[in-house]
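Chemist: Can you look at this prediction? I've put the sequence above it.
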Protein chains: 2
Amino acid sequence: MSKPSSLSGPLKPGAMIGILGGGQLGRMLALAAARLGLKTHIYSDETESCAFLVASATTRGAYDDEAALEKFAAACDVVTFEFENVPEKTAHFLSSYVPVAPNSRALAVAQDRFVEKSFVAALGIATAPFRDVASEADARAAFRALGGPAILKTRRLGYDGKGQQKVGNEEDAARAYASLSGAPCILEKFVDFAFEASIVAARGRDGAFAAYDPPKNEHENHILRRSTVPAPLSAASFRDAVAIARHIAEALDYVGVLGVELFIGRNGEIIVNEIAPRVHNSGHWTIEACAVSQFEQHIRAVAGWPLGDPSRHCDAVMENIIGEEVDDWLEFAQTPGGLHIYGKRVARPGRKMGHITRLSSK
Amino acid sequence: MSKPSSLSGPLKPGAMIGILGGGQLGRMLALAAARLGLKTHIYSDETESCAFLVASATTRGAYDDEAALEKFAAACDVVTFEFENVPEKTAHFLSSYVPVAPNSRALAVAQDRFVEKSFVAALGIATAPFRDVASEADARAAFRALGGPAILKTRRLGYDGKGQQKVGNEEDAARAYASLSGAPCILEKFVDFAFEASIVAARGRDGAFAAYDPPKNEHENHILRRSTVPAPLSAASFRDAVAIARHIAEALDYVGVLGVELFIGRNGEIIVNEIAPRVHNSGHWTIEACAVSQFEQHIRAVAGWPLGDPSRHCDAVMENIIGEEVDDWLEFAQTPGGLHIYGKRVARPGRKMGHITRLSSK
């Protein structure tokens, strides 16, 4: 069995890109690949994956079904993923059969908040102060060491605010840990910031690096509501944000698009909150405002193509369409902007159902 | 059997749009529909249709296979087409089962150059002088009446310059007719013009009308090479072009996107050359330069959605990638712009294999 860690050259049009995960990010990756004449094969453990509808090939299988994964790998020229909770073991297994990008180290780092923050801090990049918490005693000690208020988060899984609790004293911290049924946790000191931003950037197989302009991000109920470019960043903060993304991508020997979530302090100082080893919700505006979107950029990177120009020709505001807001699709269709509806059948509360990007002149 | 001539309301996300024809226009329509959460079912008589790869459902069938067409119609909420040579009978047959847009009259008019030019002339819109030719004697008489030079064209089929001959005298005209094996023809007086342009516009089910800015078009070997927006049109010619497209769309009770090919005279006067009852190659730049592309606009129109804003946020130059030029895909990928490769397996000479759109600030 050969162990292909990289491509021998750029994939030709007609080649097949495997994507683990069948949500809206996979769907938009598939649509971007199609523009370039590349095919996609979506692998998802859900019966109704919205990405299935636009892909050239589909597999419904569990992420630990080695027979299905092996067959999938054999049908693909390269494999990537659209969500960061693909089991690292799955990525590792696939990489025996087919090149996988980003690499499984990026997955491993991003899947565990403690590993992630330790990795970022070790690069000399600022994070919120944090401590590992594996017991109620740890929780109390961590709170004492950091001071409050703080946020207790599970180390693994959890997104859109799930598995997080704000704590105001030692006992709070211990109780919060107990409520999470013994899941390994991290306590992070609450950081005061002026606003949230992110940087969506790509690194190619040749080491080329390209960053989109960072948007300002606004959340509601822990879910991204709106991304606005340009963010009100000083030129220095802008350069810092790009340098941070580049430093992280290079340290991970990353191939593909990654999103780095940032807190911007009142004096423009930058703190890294989280790394997403995939295309990112705060980069959806690139579909309309750039010649090469984050989705095409990711496909270009994993396919060994040259990265595209990330410059933006317009200002943009992207708003998510969440839960039953999608019932107002006709009203959205009547307003100017690039409308995207993800084709999900059930509009559960908090579920991302679509988005709309409005452009204005730079 | 009900005869649904129209929709009862806008199609909801999740609805199925049938598309007759499986080329790049069908492919880009399918990708645009997917953005809006609408599904597509491609019906094509070719085994390898590049649109098959991105559609939710596909049927390979002949355009006169009534059993296959009936089954296709039953699976779709509305049917449209991506090329104008769908037999009118096919469109008519389908319209007994499912709403079809544009209507079969638009097809009938656009499929026959003599009917088309007669229709345009009857609206009081300028065309090149023309005569019907059904015999060698007709060909001579037509040449005498029009004067030369002139172009003999088959009335039906023929695109990208196929089935056309320039003729300089009566005998040329008769010989050209004879060489076309008795196919009904039209003789058109050669028109001197400054440049070619087109107007791509849409009409909704509610009668709303929206036109994109007209591009200047350059052809090589009768195939579109390049479309540039803005075209060097005076404000008056610009208004005339929009008015012409609107007049034609309203006279046909048209629903969907149509392209009208224009000759622009040295004093800005406009002559209509041809009507394409479909999305048009000279409108591909709208994917990058407008929030709502011509493909999405067509989907919106046939699905009964409100038309999108056709305004353009950038200047644009679209170049076709023709035949074996697609072998240089890696070079195209290295230049700035929105690259599209259609996923066709065989790069025959003259075949449209992709395009690239380069944007610049307005």
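Modeler: All right, it came through fine. Since the model is a prediction, treat every value here as computed from it, not as a measurement.
Chemist: Indicate the residue of the stretch 151-300 of chain A located nearest to chain B.
Modeler: At 4.9 Å from chain B, residue A:291 is the closest residue in the stretch 151-300 of chain A, using Cβ to the nearest Cβ. To be clear about C-beta, it is placed using only N, CA and C from the backbone, and glycine gets the same treatment.
Chemist: got the contact list for the closest residue to that residue other than its chain neighbours?
Modeler: Leaving aside its chain neighbours, residue A:291 sits nearest to residue B:338 (4.9 Å; criterion: Cβ to Cβ, 6 or more residues apart in numbering or on different chains). By Cβ atoms under 8 Å, 6 or more residues apart in numbering or on different chains, the residues touching residue B:338 are A:35, A:291, A:292, B:287, B:288, B:356, B:357, B:358, B:359.
Chemist: Was I right to think the second one contacts residue B:288?
Modeler: Going back to what we said before, that points to residue A:291. Yes. Judged on Cβ atoms under 8 Å, residue A:291 makes contact with residue B:288 at a distance of 6.0 Å.
Chemist: Check the contact lists of the two and give me the overlap.
Modeler: With Cβ under 8 Å, 6+ apart, residue A:291 and residue B:288 have common neighbours B:337, B:338, B:357, B:359.
Chemist: wait, residue A:145 sits on residue A:132?
Modeler: No. The pair residue A:145 and residue A:132 does not pass the contact test of Cβ under 8 Å, sitting 11.1 Å apart.
Chemist: who's more crowded, these two?
Modeler: residue A:132 (16 against 12; other Cβ atoms under 10 Å in any protein chain shown).
Chemist: and that one, what does it touch?
Modeler: Residue A:132 neighbours (Cβ under 8 Å, 6+ apart): A:114, A:138, A:142, A:155, A:184, A:185, A:186.
Chemist: at 6 Å what do you get?
Modeler: Each residue near residue A:132 by Cβ atoms under 6 Å, 6 or more residues apart in numbering or on different chains is listed here: residue A:114.
Chemist: Give the helix, strand or coil label for it.
Modeler: strand (DSSP: H, G, I helix; E, B strand; the rest coil).
Chemist: so what's it bridging to?
Modeler: Following DSSP bridges, residue A:132 is listed with bridge partners residue A:186.
Chemist: Which helix or strand lies directly C-terminal to the lowest-mean-pLDDT helix or strand in chain A?
Modeler: Within chain A, confidence by mean pLDDT, DSSP states H and E is lowest for strand A:164-167 among all helices and strands, at a mean of 90. Going down the chain from strand A:164-167, the next helix or strand is helix A:170-179, by DSSP states H and E.
Chemist: What is that following helix packed up against?
Modeler: helix A:136-146, strand A:164-167 (3 or more Cβ pairs under 6 Å, 6 or more residues apart in numbering or on different chains; DSSP states H and E).
Chemist: Just the buried positions in it, please.
Modeler: A:170, A:172, A:173, A:174, A:176, A:177 (16 or more other Cβ atoms under 10 Å in any protein chain shown).
Chemist: what about the closest residue to residue A:263 other than its chain neighbours, neighbour count?
Modeler: Using Cβ to Cβ, 6+ apart and skipping the chain neighbours, the partner closest in space to residue A:263 is residue A:193 (3.8 Å). Applying other Cβ under 10 Å, we find 17 residues neighbouring residue A:193.
Chemist: Name the nearest residue to the residue positioned nearest the centre of chain A, ignoring sequence neighbours.
Modeler: Central residue of chain A (Cα atoms, centre = their mean): residue A:276, 3.4 Å from the mean position. Nearest residue to residue A:276, sequence neighbours excluded (Cβ to Cβ, 6+ apart): residue A:259, at 4.0 Å.
Chemist: doesn't residue A:278 make contact with that neighbour?
Modeler: No. Using Cβ atoms under 6 Å, residue A:259 is not in contact with residue A:278, being 7.2 Å away.
Chemist: Residue A:362 versus residue A:188, what's the distance?
Modeler: Plainly put, residue A:188 is 36 Å away from residue A:362 if you go by Cβ to Cβ, to the nearest Å.
Chemist: Show me which of the two is the more surrounded one.
Modeler: Taking neighbours as other Cβ under 10 Å, residue A:188 and residue A:362 compare with residue A:188 leading, 22 against 13.
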